[in-house]
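> sequence and predicted structure are below.
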There are 2 protein chains.
Amino acid sequence: MEKNIKILSAEPASAKPSTPPSRLKITEALKVLLRDKDFNSITTAEISRMAHVNEALIYRYFIDKRGLLHAVLSDYLQEFVANLTFDLKGIHGAINKIQKFVWASIHYYDDDRVFSKIQLLEVRNFPGYFDSETYQMVRKYAGLLMEIIEEGIESGDIRNDIAPSSIRQLILGAIEHCCLPAIIFDHKIDNDAMADNLCEILFHGITRKI
Amino acid sequence: MEKNIKILSAEPASAKPSTPPSRLKITEALKVLLRDKDFNSITTAEISRMAHVNEALIYRYFIDKRGLLHAVLSDYLQEFVANLTFDLKGIHGAINKIQKFVWASIHYYDDDRVFSKIQLLEVRNFPGYFDSETYQMVRKYAGLLMEIIEEGIESGDIRNDIAPSSIRQLILGAIEHCCLPAIIFDHKIDNDAMADNLCEILFHGITRKI
DNA sequence: TTTATTATGTAAGTATATATTACTTATACT
DNA sequence: AGTATAAGTAATATATACTTACATAATAAA
């Protein structure tokens, strides 16, 4: 009993000496392999070989192969949400914030294709994912957007006759689906153009006025 | 040689006696199993048991387990695209057509959850999918929408200062992402409300006018 | 220094799944 | 009847995720 308490208190949240080096080697190895192959085609043997680590170590640090994938995604999301939260600071008005939110999201998907592949292609087919800690990070990301929308409705910048959740889902879906072809067929994204196009439709609609 | 001709000509497109009964049993069995389990968790043994068919028959009629999944999805898409094409007939104006397109898409996702699960969750993690015949059906579906958008730009109903492909991607992504929670967490969709919300944003934007 | 603990390393093995093979039986056509 | 094709099957090959049981090295506590 006392042992457990000791272990926990021995890891201050500030410094992070807790992460074992082999654990890191494993996550990095999976990232490298995911650049060229899909998750299902990557074997645990391959991961351990690439990480210069014994195969059984994967199961010491992660529940299973999928748990490892979730852990990798979780790291990405943690960083993404932290950056995005910071980037939104100091921006005034819901419209400007949404513009930034859209641009930054596209930027992140464009910037790290391993992240985008995991997030958009690899995790959703696994039912357990939506009960996972990792998925809670996605909810946090979506929550950021929701707050902005509600702020916009409050201030009168955004119409109050549409459910905020509909607006949120439309934005998130639009971002993902706009990035998807580039991720699947592996070509570059014109970040500015895509964000502008998307926001223009979002803010003013597709119908021609007058 | 003559034999092949005979075989082909012996299958008039009207009647469809060509499909071997066991092949149909297999696809139906997979559909049933997909109601409760994800594709990865379903074994070929399970499929054959459910279909009352020998396991090896799966590999006679389909390339592999994934090929079977693609075949099932292909059937769904064939029907969906055919229905949608018909449903759009007689509707005047791009705006009305888009409204119908959105409503019908949501309806189809809501109506058959096996279809939606395959389409939105199960196939995208497999790289080969995007080279498959089945994916060409998806492109056909997206093509229908693209035609409407171009018609709308032509007629002046839709703004001509945004790339049509951006509009298409936004619409498709919005539809999918709005349906996704209901599919994942298995609850009903309010088809009318969702379509109206989505189209309202799409046509007029989220900013408050005046 | 001794002891305990934790991190790491490894070999061998299990269980389960996909897919193949080689072969048999039924059906349909000429 | 005879032939070709479709349908059916058992046995097996092969690969892979995951487990077990144990060994070693480093570190920290006593």
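Okay, I see it. Residues are numbered from 1 along each chain as shown, chains lettered A, B, ... in the order given.
> quick check, central residue of chain A?
residue A:77 (4.0 Å; Cα atoms, centre = their mean).
> excluding its backbone neighbours, what's nearest that one?
residue A:137 (3.9 Å; Cβ to Cβ, 6 or more residues apart in numbering or on different chains). C-beta: built from backbone N, CA, C; applies to glycine.
> try residue A:35
residue A:114 (6.0 Å).
> rewinding a little: now check the helix or strand that contains the residue nearest to the centre of chain A, is it near DNA strand C?
Residue A:77 is part of helix A:65-88, with elements assigned from DSSP states H and E. No: using Cβ under 7 Å from any atom of the strand, helix A:65-88 never reaches DNA strand C; the gap is at least 13.4 Å.
> residue contacts, residue A:159?
For residue A:159, the contact set (Cβ atoms under 8 Å, 6 or more residues apart in numbering or on different chains) comprises A:153, B:206, B:207, B:208.
> need the phi and psi values for the closest residue to DNA strand C within chain A.
Chain A approaches DNA strand C most closely through residue A:20 (2.7 Å), counting by Cβ to the nearest atom of the strand. The phi/psi pair for residue A:20 (degrees, to the nearest 10) reads phi -70, psi 140.
> how about residue A:162?
phi -130, psi 140.
> number of nearby residues for it?
19 (other Cβ atoms under 10 Å in any protein chain shown).
> give the contact list for it.
Per Cβ under 8 Å, 6+ apart, neighbours of residue A:162: B:197, B:200, B:201, B:206.
> now swap in residue A:200 and tell me
B:161, B:162.
> quick one: low-confidence parts of chain A?
Residue ranges of chain A with pLDDT under 70: A:1-18, A:210.
> helices of that one, start to end?
Under the criterion DSSP state H, chain A carries helices at the ranges A:2-9, A:21-34, A:44-51, A:55-61, A:65-88, A:94-111, A:113-117, A:133-155, A:164-184, A:191-204.
> list the helices and strands the longest one packs on?
Based on contacts counted as 3 or more Cβ pairs under 8 Å, 6 or more residues apart in numbering or on different chains; DSSP states H and E, the elements that helix A:65-88 packs against are helix A:21-34, helix A:55-61, helix A:94-111, helix A:113-117, helix A:133-155.
> reformat the ones you listed as CSV; add mean neighbour count.
Shown next, in CSV, are those (neighbours: other Cβ atoms under 10 Å in any protein chain shown):
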stretch, mean neighbour count
helix A:21-34, 18
helix A:55-61, 15
helix A:94-111, 20
helix A:113-117, 19
helix A:133-155, 17
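> quick one: closest of the ones you listed to residue B:130.
helix A:113-117 (12.7 Å; Cβ to Cβ).
> which elements pack onto the closest one?
helix A:21-34, helix A:65-88, helix A:94-111, helix A:164-184.
> ok, residues contacting the shortest one?
Okay, so that is helix A:21-34. A:42, A:46-48, A:50-53, A:57-58, A:61-62, A:68-69, A:71-72, A:75, A:114, A:117-118, A:122.
> give me that answer again for 6 Å
Under the contact criterion Cβ atoms under 6 Å, 6 or more residues apart in numbering or on different chains, helix A:21-34 has outside partners A:42, A:47, A:50, A:51, A:53, A:57, A:58, A:61, A:72, A:114.
> and the furthest pair within those residues?
That would be A:57 and A:114, which, of the contacts of helix A:21-34, are the farthest apart (Cβ to Cβ) at 21.3 Å.
> interface residues of chain A facing DNA strand D?
Looking at DNA strand D, the residues of chain A close enough under Cβ under 7 Å from any atom of the strand are A:42, A:43, A:44, A:45, A:55, A:56, A:59, A:64, A:65, A:66.
> give me phi/psi at the first one?
Backbone torsions of residue A:42, given as degrees, to the nearest 10, read phi -90, psi 130.
> for it, which non-adjacent residue is spatially closest?
residue A:33 (4.9 Å).
> from residue A:64, how far off is that neighbour?
As judged by Cβ to Cβ, to the nearest Å, residue A:33 and residue A:64 stand 17 Å apart.
> cool, and residue A:53?
Distance from residue A:53 to residue A:64, by Cβ to Cβ: 16 Å.
> kindly report the same for residue A:146.
In terms of Cβ to Cβ, residue A:146 sits 32 Å off from residue A:64.
> count of residues packed around residue A:181?
14.
> measure it to residue B:166 for me?
Taken as Cβ to Cβ, the span from residue A:181 to residue B:166 is 11 Å.
> what of residue A:129?
29 Å.
> let me see the domain layout of chain A.
A:1-61, A:66-210 (automatic domain parsing).
> how far off centre is the shortest one?
The chain centroid and the centroid of domain A:1-61 are separated by 20 Å, computed with Cα atoms, centre = their mean, to the nearest Å.
> residue A:141 contacts residue A:81, correct?
Yes: using Cβ atoms under 6 Å, residue A:141 makes contact with residue A:81 at a distance of 5.4 Å.
> overlap of the contact sets of the two?
Common neighbours of residue A:141 and residue A:81 (Cβ under 6 Å, 6+ apart) do not exist.
> around chain B, pick out the residues from chain A.
Counting by Cβ under 6 Å from any Cβ of the partner chain, the residues of chain A lying close to chain B are A:38, A:121-122, A:124-125, A:127, A:130, A:156, A:158-159, A:162-163, A:166-167, A:169-170, A:172-174, A:176-178, A:184, A:197, A:200-208.
> show me which of those residues are buried.
Listed as buried from these are A:121-122, A:124-125, A:130, A:158-159, A:162, A:166-167, A:169-170, A:172-174, A:176-178, A:184, A:197, A:200-207; burial here means 16 or more other Cβ atoms under 10 Å in any protein chain shown.
> ok so, going back, just put the helices and strands packed on helix A:65-88 in TSV and tack on distance to residue A:85.
Shown next, in TSV, are the helices and strands packed on helix A:65-88 (distance: least, Cβ to Cβ, whole Å):
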stretch	distance to residue A:85
helix A:21-34	23
helix A:55-61	28
helix A:94-111	10
helix A:113-117	17
helix A:133-155	7
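> returning to what we had before: for DNA strand D, state which of the contacts of helix A:21-34 is nearest.
residue A:42 (6.5 Å).
> and that closest one, how many neighbours does it have?
18.
> sorry, back to before: so which of the helices and strands packed on helix A:65-88 gets nearest residue A:86?
Short answer: helix A:94-111, nearest of these by Cβ to Cβ, at 10.1 Å.
> kindly export the closest one (C-alpha atoms) in CSV.
C-alpha atoms of helix A:94-111 as CSV (Å, rounded to 0.1, in the frame of the first residue of the first chain):
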residue,chain,number,x,y,z
ALA,A,94,-16.2,34.9,-32.3
ILE,A,95,-15.8,35.3,-36.1
ASN,A,96,-12.1,36.0,-35.9
LYS,A,97,-11.7,33.2,-33.4
ILE,A,98,-13.4,30.7,-35.7
GLN,A,99,-11.3,31.9,-38.6
LYS,A,100,-8.2,31.1,-36.5
PHE,A,101,-9.7,27.8,-35.3
VAL,A,102,-10.3,26.7,-38.9
TRP,A,103,-6.9,27.8,-40.1
ALA,A,104,-5.0,26.2,-37.2
SER,A,105,-6.8,22.9,-37.6
ILE,A,106,-6.1,22.7,-41.3
HIS,A,107,-2.5,23.7,-40.5
TYR,A,108,-2.1,20.9,-38.0
TYR,A,109,-3.6,18.3,-40.3
ASP,A,110,-1.4,19.5,-43.1
ASP,A,111,1.7,19.7,-41.0
